[in-house]
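Student: here is a sequence together with a model predicted from it:
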Amino acid sequence: MPPLTIGVLALQGGVGEHTALLRRAATHLPSPSTPGDFSFLEVRTPSELAQCDALIIPGGESTTMAIVARRLGLLDPLRQFVKTDGKPVWGTCAGLVMLAAEASATKQGGQELVGGLDVRVQRNRYGTQMQSFVAELALPFLGEGERPFRGVFIRAPVVEEVMGEGRAEVMGVYGEDIVAVKQGNVFGTSFHPELTDDVRIHVWWLGQVVEAARHGGLPVVVGGEGA
Ligand SMILES: NC(=O)CC[C@H](N)C(=O)O
């Protein structure tokens, strides 16, 4: 299999942290997925995006990210990457907001989204930066009997509604709140695994990317339109 190029959208937010954890995660994948099987690319232009087999959209500020993406001509290529090409994409925090079909608690006039997940998110569910917290999350997709994952929540969104025919699969909850969700090729988490030194979710996601490449892509489960 040719090396896979994993992009991290680098308009704003926790870019370096994701790249560092991806590099570490690559060393944990079972052979033949050795680190040499991957290259990592910070994505700022449509032509960089076109080189990627998979993409992470990091945390930051989704309104800013959308404005910058629009200015750089990246919004439509991102929509195509996620919804037409069906490439694996993972959004963390603001990245989850970008991948949602709808976002509430958004100022008048709304914000542009990429879409891909048939969900409505509520932004800033737990309040301001000052109300940031860490919570132990049981994440079944990491495997049976795995220890909890330390979820870092910073002005985090939650999935307040799974829309449509419920094609988005709930992957993790915090109390009653949905904080991890997956729909075909699209995965989103409310929290920031890249701000921990726990590689497990990055390892799991890279494993999904490798599987998708082996089988010619993950199923695209027609996602939300974005705003
Ligand atoms: N840590 C974060 O990514 C915060 C997300 C931000 N509150 C937003 O709505 O876009």
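Tutor: The structure has been received and is ready for your questions.
Student: and the longest helix for this protein?
Tutor: helix 200-214 (DSSP state H).
Student: what residues of that one count as buried?
Tutor: Of the residues in helix 200-214, those buried by neighbour count under the rule 16 or more other CB atoms under 10 Å are 200-206, 208-210, 212-213. C-betas here are computed from N, CA, C, even on glycine.
Student: stretch 21-41 too?
Tutor: Taking 16+ other CB under 10 Å as the basis for neighbour counts, the residues of stretch 21-41 that come out buried are 21-22, 25-26, 29, 33, 35, 37-38, 40-41.
Student: what strand or helix carries residue 55?
Tutor: strand 54-57 (DSSP states H and E).
Student: residues touching that strand, excluding its own?
Tutor: The contact list for strand 54-57 (CB atoms under 8 Å, 6 or more residues apart in numbering) reads 4-9, 18, 22, 43, 49, 65, 81, 87-92, 94-95, 98-99, 114, 209, 212.
Student: near the ligand, anything from that strand?
Tutor: No: Strand 54-57 does not reach the ligand (CB under 6 Å from any ligand atom); its nearest approach is 9.8 Å.
Student: strand partners (parallel or antiparallel) of that strand?
Tutor: In the sheet containing strand 54-57, its partner strands are strand 4-9 (parallel), strand 89-92 (parallel), by DSSP bridges.
Student: next helix or strand past the longest one?
Tutor: As assigned by DSSP H and E, the chain's next helix or strand after strand 4-9 is helix 15-26.
Student: quickly check: that next one near the ligand or not.
Tutor: No: using CB under 6 Å from any ligand atom, helix 15-26 stays clear of the ligand, with a minimum separation of 11.6 Å.
Student: measure the residue sitting nearest the centre point of the chain to residue 216 for me?
Tutor: The structure's the chain has its C-alpha centroid closest to residue 91; by CA atoms, centre = their mean the separation is 1.7 Å. Counting by CB to CB, to the nearest Å, the separation of residue 91 from residue 216 is 23 Å.
Student: just residue 181 next, same as before
Tutor: Remark: distance between residue 181 and residue 216 (CB to CB) = 24 Å.
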